[in-house]
Structure formats: structure tokens, C-alpha cells
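# the following comprises the amino acid sequence and a computationally predicted model.
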Amino acid sequence: MASTMLRLLASSVRIAERAAEVVRDIMHSGDLGIIDKGGQRNLQTKADRAVEKLIRASIVSQFPKLTVIGEEDEKLDASADVKAGVDPSVLEKECALYNDVPEEKIVVWVDPLDGTAEFTEGLLDHVTILIGIAVDGKAVGGVINQPFFNYQNGKSNLGRTIWGLVGLGAFGWNRTEPPTGRKILITTRSHSNELVNLCLESMSPDKVLRQGGAGNKALRVLEGEADAYVFASPGCKKWDTCAPEAILLAIGGDLTDVHGNKICYDSNVKFPNTGGVIATYRNHQEILDKVPQVVRDKLIA
Ligand SMILES: Nc1ncnc2c1ncn2[C@@H]1O[C@H](COP(=O)(O)O)[C@@H](O)[C@H]1OP(=O)(O)O
Ligand SMILES: [Mg+2]
Ligand SMILES: [Mg+2]
Ligand SMILES: [Mg+2]
């Protein structure tokens, strides 16, 4: 029988695909039920709430001994539809590294909808569903579902799932290799501030792309549209970075804070990534070396 880790991933891929259907249905209903949680563009919609309920109930029903931490802190709903099934293509893989990891040691970080501000503005390809899997405080597995992938190219093949496991690889994505030496940075479009901009400027980029969502920006880096995701702000939380980090690590990339420190995903950590976020496919240290001292001083890890 496959390890708990592979079964959890196989299940998470299907749960995220079911969650994507819920997000699309709520979008098409036209009633997003937007709530302002307070702070800078910190919104929640019906989709954030419904998807977190679905993911939490589905994971807990199959893996009752692991810990699930979600952005929206929805209560466990026993009536939720928990029959998403498993993705056979995940179960076909073999990765002995996790054979001895018991359920009790696993922490699952759930961002039911990442890029909520952009979702409410109709920038649908910025939206992702993130399920990150951590063991011993380290991001090891991740699922990123993009519910509206392809939405501008007709309705066929709407949505996609990218998943990865450190030591095995990542699947469901396509890279266009950029020219060597190019430096396109990608950052926030709705949570910017002076420090965020100062950090980017001091890196002398060829170009800065501004898009929503941590999951989306990690995918832009993975697929070669951007060379680094740079966010010199404490705005991202552990559920924003766990799945992207695991997927990047699985293909030889990296995600750290601006000091180069690994992010800890233990169940008792504080949620904000107070040291900011830097994600790359290659040459992580080169980007870290360009973080100005004033940014390092302001973002205490
Ligand atoms: N200041 C902030 N307040 C709340 N959420 C934030 C903030 N900054 C970043 N985030 C979260 O991190 C994600 C990536 O940031 P950005 O899109 O600004 O680059 C956001 O989509 C949002 O996740 P979410 O949409 O899940 O609430
Ligand atoms: Mg949010
Ligand atoms: Mg998020
Ligand atoms: Mg969210």
C-alpha cells in the first residue's frame, strides 16, 4: 500500500479539483458574499469559506490524526461532501523517503482561495487553491490548483492542478526557459508599500510584473515568465507559502525569507512570514545578495 504521504497527496489533488468546481460555481452565481476582514485589501468571499470547509472536512475524514490549519479558520462541517476520491496518477509514483512518516507528524496548511482581492476584481487567472504538506516543520508536499486556468481561451480544459513532493518532483506544469541573465521580478499588485518597492528597485530588474496571489506568482517563476518572486512585506502567511515552497523545492528551486532563512511550518508557529518572501527557480543566492540592508533591518525573521 502507498505511504500516508502519497495517499494524502493523491487525495489532496482530487479535493483541490472538487474545490475548484465550487469556486467556479460561486463565481458564476454572481454573488460572491464579500466580507472585509480589516487591514490592507484583506477580503473573504463565499468561495474562501465554502472551500475551506470542503478541504478541511475531506482531509480530516480520511486522515483524522494529522493537523489542518486553514486561513479562514472555518469549523469542521460534518455535512460537507467528502467523497472527492484519489488521483491514480499520484498513487502510481514511488517515493520511499516518506514511508515511515506517520499521520501524527503531518501538518497541512490550507489556503482555500489565494488571490481573493483579484478574484473579486475578476482577475481570475491569479486565483489558486493551495494545500501544503509539512513534516518536522519543513514544506515537503504541495498542491496548487488554478481553477480558471485557460478561462480566456474558451471553456475547454478550464483549470489545472500542479502538485509536487520533495525527492520525487513536480507535475502538471510547463516551463519556457528564459534567456540567461534576464531579471524579471514578480510581486504583489494589491499589497504594496514603500519597502516592497524599495527592495525591487534596488535589485535593478529588467522588468517588474505585478500580479495577485502567492500561488500564482510561484507558478509564474516555475514556468519561466518571471525569474524571482520578491515580496519584502510580512503580509504572506504560512498557508500562502507552504505548497508553493514544496513544489519549488521539488524541482530544485527555493523559497525563503529575505534573509535566506527557511520558513518553519510547525503547527505552533506564528502565521505571518515576518521575514518576507523570495522564491526562485534557480540562482536564489544572487537575488538574496541584492536585498538592501534597510529591508533586512525592517523584516525581522
Ligand atoms: N497585507 C496583507 N493582508 C492580507 N493578506 C495578504 C497581505 N499580503 C499578502 N497577503 C496574502 O498573500 C497573498 C499574496 O500576496 P499578493 O497577492 O499581495 O502578492 C495574497 O493573495 C493574500 O492571500 P489571500 O488572497 O489568500 O488572502
Ligand atoms: Mg485572505
Ligand atoms: Mg493567500
Ligand atoms: Mg486565501
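Sure thing, it's come through. Ligands and ions are numbered 1, 2, ... in the order given.

# going forward, measure contacts between C-alpha atoms and count neighbours the same way
Will do.

# can you give me the end-to-end span of stretch 291-301?
By Cα to Cα, to the nearest Å, the extent of stretch 291-301 from end to end equals 14 Å.

# off-centre distance for it?
From the chain centre to the centre of stretch 291-301 is a distance of 24 Å (Cα atoms, centre = their mean, to the nearest Å).

# any residues touching that stretch, and which ones?
Residues from elsewhere that reach stretch 291-301, judged by Cα atoms under 8 Å, 6 or more residues apart in numbering: 195, 199, 202-203, 232-234, 257-259, 261, 273-276.

# how is the protein carved up into domains?
For the chain, automatic domain parsing gives the domain ranges 4-171, 184-298.

# pull up the residues of the protein that are close to ligand 4.
The chain has residues D111, L113, D114 near ligand 4, with proximity defined as Cα under 5 Å from the ion.

# run through the bridge partners of the last one.
Think D114. Beta bridges link D114 to T128, judged by DSSP bridges.

# residues contacting it?
V127, T128, I129, L130, G213, A214, G215, D240.

# and the fifth one, how many residues sit next to it?
Neighbouring residues of G213 were enumerated by other Cα atoms under 10 Å; the total is 26.

# contacting residues around it?
D114, G115, T116, E118, H126, V127, T128, T188.

# where does pLDDT dip in the stretch 151-300 of the chain?
By pLDDT under 70, the stretch 151-300 of the chain contains no weakly predicted segment.

# within range of ligand 1, give me the residues from it.
Within the stretch 151-300 of the chain, the residues that sit near ligand 1 (Cα under 6 Å from any ligand atom) are T187, T188, R189, S190, H191, G212, G213, A214, G235, C236, D240.

# let's see that with 5 Å instead.
T188, S190, H191, G212, G213, A214, G235, C236 (Cα under 5 Å from any ligand atom).

# list the ones among these that fall in helices.
A214 (DSSP state H).

# most neighbours among the residues of the stretch 151-300 of the chain next to ligand 1, which one?
Ranked by the number of neighbours (other Cα under 10 Å), these place A214 first, at 28 neighbours.

# which ones are touching the residue lying closest to that one once chain neighbours are set aside?
Leaving aside its sequence neighbours, A214 sits nearest to D240 (Cα to Cα, 6 or more residues apart in numbering; 5.8 Å). By Cα under 8 Å, 6+ apart, the contact set of D240 is D111, D114, L130, A214, G215.
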